[in-house]
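Only the shape, not the letters, is given here:
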């Protein structure tokens, strides 16, 4: 059974690789970048057969007006004074396929989460 599942996985991966990516899409998990943490930038490629494939830094090049990329993660310094960051993502094998977008930097710090005891008291 394991061999069958592995074979199907390998076949689907090879089939996906055989398809060409005709466009890329940005699917963000948040509406702003947080300071002092890694912000994951989710990129999907649309294949010529209409399916989508997650892309990472082995397939796309990331650049930004501020911060540093580590793979798909953009690190913004805690001391950042910028209001927003311009980000560009390009296919490595075809830079004509690219996306440019702006993300704002979160201004307020996240509040402290309540402890289990505090939640139990609220009832």
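Done, it's in. Owing to the predicted nature of the structure, the values given are computational and were not obtained by experimental measurement. Numbers count the residues shown, from 1 in each chain.

the strands in the protein, which residues?
If you assign secondary structure with DSSP state E, the strands in the chain sit at 21-26, 32-33, 37-40, 43-47, 52-55, 60-64, 68-70, 73-76, 84-91, 98-105.

Which stretch among these approaches residue 121 most closely?
Residue 121 lies closest, by Cβ to Cβ, to one member of the strands of the chain: strand 37-40, at 29.9 Å. The C-beta positions use only the backbone N, C-alpha and C, and glycine is treated the same way.

Using neighbour counts, pick out the buried residues of that closest one.
Within strand 37-40, the residues scored as buried using 16 or more other Cβ atoms under 10 Å are residue 39.

Packing partners of it?
Counting by 3 or more Cβ pairs under 8 Å, 6 or more residues apart in numbering; DSSP states H and E, the packing neighbours recorded for strand 37-40 are strand 73-76.

partners of the strand it packs on, with directions?
Strand pairing for strand 73-76, determined by DSSP bridges: strand 37-40 (antiparallel), strand 68-70 (antiparallel).

Residue 100 contacts residue 65, doesn't it?
No - applying Cβ atoms under 8 Å as the test, residue 100 and residue 65 come out as separate, 10.5 Å apart.

what's the overlap in contacts for the two?
Contact criterion Cβ atoms under 8 Å, 6 or more residues apart in numbering; residues shared by residue 100 and residue 65: 86, 87.

Who are the contact partners of residue 100?
With contact set as Cβ under 8 Å, 6+ apart, residue 100 has these partners: 86, 87, 88, 89.

before we move on, what about residue 26?
The contact partners of residue 26, by Cβ under 8 Å, 6+ apart, come to 41, 42, 43, 89, 99, 101.

Now do the nearest residue to the second one once chain neighbours are set aside: how many residues are near it, please.
Right, the one you point to is residue 42. Excluding the flanking residues, the one nearest residue 42 by Cβ to Cβ, 6 or more residues apart in numbering is residue 27, at 4.6 Å. Taking other Cβ atoms under 10 Å as the neighbour definition, residue 27 ends up with a count of 10.
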